[in-house]
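Trainee: With the input below, show me the fold.
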Amino acid sequence: MRNNSMHPMHPPTENTPRQDLPFSLPPLFLSETGERIRTIEEWREKRRPQLLELFRTHVYGRAPVEKPAGLHFKVDATIPGLFSGKAVRKEVSIGLSGPGGEGRIKVFVTLPTGSAQPVPAFLLICHLPPELIDLRESTPFWPVEEIIKRGYAAVTFYTADVDPDEHDGFHNGVHGVFAQPGESRSPDAWGTIAAWAWGARRVMDYLESEPAIDCRRVAVAGHSRGGKTALWTGANDERFALVISNSSGCTGAALARHMRGETVEKINTAFPHWFCENYKKFNNREEQLPVDQHQLLALIAPRRLYINSASEDAWADPEGEFLSCLHAEPVYSLFGLPGLGVTAMPEPGTELHEGHLGYHLRKGGHELGLYDWQRYLDYADRHWQ
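Mentor: Here you go, the predicted structure:
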């Protein structure tokens with residue numbers, strides 16, 4: 001039963017008898033001034049804003065603008081009769097402008113036909129080639145027909161429309177659009193992951209104007225780097241009711257201090273543009289990070305969060321992702337909400353769908369496929385319909 005009072009049924013604790021760790025995690029409930037956080041109100045007004053600022057300063061960077069003035073939407077095309085008449089597709093342009101010029105994000109919105117009420121939606125942050133989403137048919141990575149069949153809208157955009165995935169000194173994409181002329185970048189300026197998350201939030205701005213969408217029930221999802229982006233999107237924007245991370249790994253769902261698979265040094269070397277410059281200070285110094293990823297997951301509470309890992313995806317550290325979920329649970333408990341319901345990592349093929357924290361461990365490697373989507377849809381069916 002959900003506890004809606006401003007005080008928890010029991011004071012929050014992080015000393016949970018789960019899996020012992022050979023390292024110490026930064027605390028959820030201890031503020032920067034040493035104050036113990038004990039209530040929902042204190043979490044919302046004190047600790048949650050502190051953690052967001054720590055992640056902005058040291059990991060993802062901060063965006064120079066929220067919803068920009070002059071943001072506008074244009075329906076470029078409407079395509080009826082898809083999937084034997086079961087769906088209609090809109091192709092929408094989100095126009096934006098700033099000191100450095102103009103930009104456009106193209107959004108694909110596929111809606112089930114025949115619904116008398118606004119429908120919930122899944123928003124996919126797609127970093128893979130646009131032909132995977134710019135089709136009028138389903139693919140395992142983006143099974144539009146399966147999503148429509150379940151009664152949901154399928155919404156996606158291509159991340160390169162927001163910011164190309166390359167290191168050019170942050171001159172392209174929205175980095176260039178919103179850069180002040182002659183101004184040098186600060187060490188906490190936004191990286192590419194933060195830019196993509198900013199773009200997902202602008203798609204949500206559009207969805208709020210779309211009468212066919214129930215904006216109280218929108219899930220944001222992503223795979224790998226898209227999963228990292230989905231988590232940062234959901235942490236910053238409480239309009240998303242469900243946040244889905246598919247094999248997001250390092251600086252996604254996996255604990256940095258776990259040090260398995262990809263590490264902070266490895267990700268900053270391979271993708272120097274993804275995060276803010278300050279993050280590079282923690283290359284091979286994970287234990288000195290003032291945050292870790294269980295705190296990022298906790299920022300989603302009390303909204304629903306779903307994490308997927310794959311048994312053979314060692315680079316993304318499935319155990320570190322599961323441990324991150326476990327150590328985010330105390331914040332869900334503070335809200336009186338159920339978590340995973342287990343304390344040990346489950347076997348492959350297991351689905352944990354009871355709580356506000358959902359999880360499944362899939363056999364196989366680093367991918368997003370129909371099996372994963374069916375689990376996400378099952379979870380939404382269970383809790384939204």
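Trainee: can you give me the offset of stretch 114-124 from its chain's centre?
Mentor: 20 Å (CA atoms, centre = their mean, to the nearest Å).
Trainee: do the same with stretch 374-385
Mentor: For stretch 374-385, the distance to the chain centre is 17 Å (CA atoms, centre = their mean).
Trainee: Give the rounded mean pLDDT of that stretch.
Mentor: Here stretch 374-385 scores 96 as its mean pLDDT.
Trainee: buried sites along that stretch?
Mentor: Arg375, Tyr376, Leu377, Tyr379, Ala380, His383, Trp384 (16 or more other CB atoms under 10 Å). Any C-beta I mention is one placed from the backbone N, CA and C, and that applies to glycine too.
Trainee: List every C-alpha atom in the helix or strand hosting the first one, with coordinates, as CSV.
Mentor: Under the assignment given by DSSP states H and E, the secondary-structure element containing Arg375 is helix 370-384. Coordinates of each C-alpha in helix 370-384 appear next as CSV, following Å, rounded to 0.1, in the frame of the first residue of the first chain:
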residue,chain,number,x,y,z
LEU,A,370,11.3,-8.0,-29.0
TYR,A,371,11.7,-10.0,-25.8
ASP,A,372,12.7,-6.9,-23.9
TRP,A,373,9.9,-4.8,-25.4
GLN,A,374,7.3,-7.4,-24.5
ARG,A,375,8.5,-7.3,-20.9
TYR,A,376,8.2,-3.5,-20.8
LEU,A,377,4.8,-3.7,-22.3
ASP,A,378,3.7,-6.4,-19.8
TYR,A,379,4.9,-4.2,-17.0
ALA,A,380,2.9,-1.2,-18.3
ASP,A,381,-0.2,-3.4,-18.9
ARG,A,382,0.0,-4.5,-15.3
HIS,A,383,0.4,-1.1,-13.7
TRP,A,384,-1.3,1.3,-16.2
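Trainee: pLDDT of stretch 153-173, averaged?
Mentor: 96.
Trainee: Which of the residues in it are classified as buried?
Mentor: Result for stretch 153-173 [16+ other CB under 10 Å]: buried residues 153-163, 165, 170, 172-173.
Trainee: With just CA atoms, put that stretch into PDB.
Mentor: Extracted as PDB, the C-alpha positions of stretch 153-173 are listed here (Å, rounded to 0.1, in the frame of the first residue of the first chain):
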ATOM      1  CA  ALA A 153       1.400   5.200 -28.900                       C
ATOM      2  CA  ALA A 154       4.900   4.700 -30.200                       C
ATOM      3  CA  VAL A 155       7.000   7.800 -30.300                       C
ATOM      4  CA  THR A 156      10.700   8.200 -31.300                       C
ATOM      5  CA  PHE A 157      13.300  10.600 -32.500                       C
ATOM      6  CA  TYR A 158      16.900  10.200 -33.800                       C
ATOM      7  CA  THR A 159      19.500  11.600 -31.400                       C
ATOM      8  CA  ALA A 160      21.700  13.100 -34.100                       C
ATOM      9  CA  ASP A 161      18.900  15.600 -34.800                       C
ATOM     10  CA  VAL A 162      19.600  17.000 -31.400                       C
ATOM     11  CA  ASP A 163      23.400  16.500 -31.300                       C
ATOM     12  CA  PRO A 164      25.500  14.300 -33.600                       C
ATOM     13  CA  ASP A 165      27.400  11.600 -31.700                       C
ATOM     14  CA  GLU A 166      30.900  12.900 -32.500                       C
ATOM     15  CA  HIS A 167      33.500  15.100 -30.700                       C
ATOM     16  CA  ASP A 168      33.800  18.300 -32.600                       C
ATOM     17  CA  GLY A 169      34.400  20.600 -29.700                       C
ATOM     18  CA  PHE A 170      30.700  21.000 -29.100                       C
ATOM     19  CA  HIS A 171      30.000  23.200 -32.100                       C
ATOM     20  CA  ASN A 172      27.300  21.100 -33.700                       C
ATOM     21  CA  GLY A 173      23.700  20.400 -32.700                       C
END
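Trainee: returning to that earlier point: okay if I get the buried residues of stretch 374-385 as TSV plus distance to Asn246?
Mentor: Compiled in TSV, these are given as follows (distance: CB to CB, whole Å):
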residue	distance to Asn246
Arg375	10
Tyr376	8
Leu377	13
Tyr379	13
Ala380	14
His383	18
Trp384	19
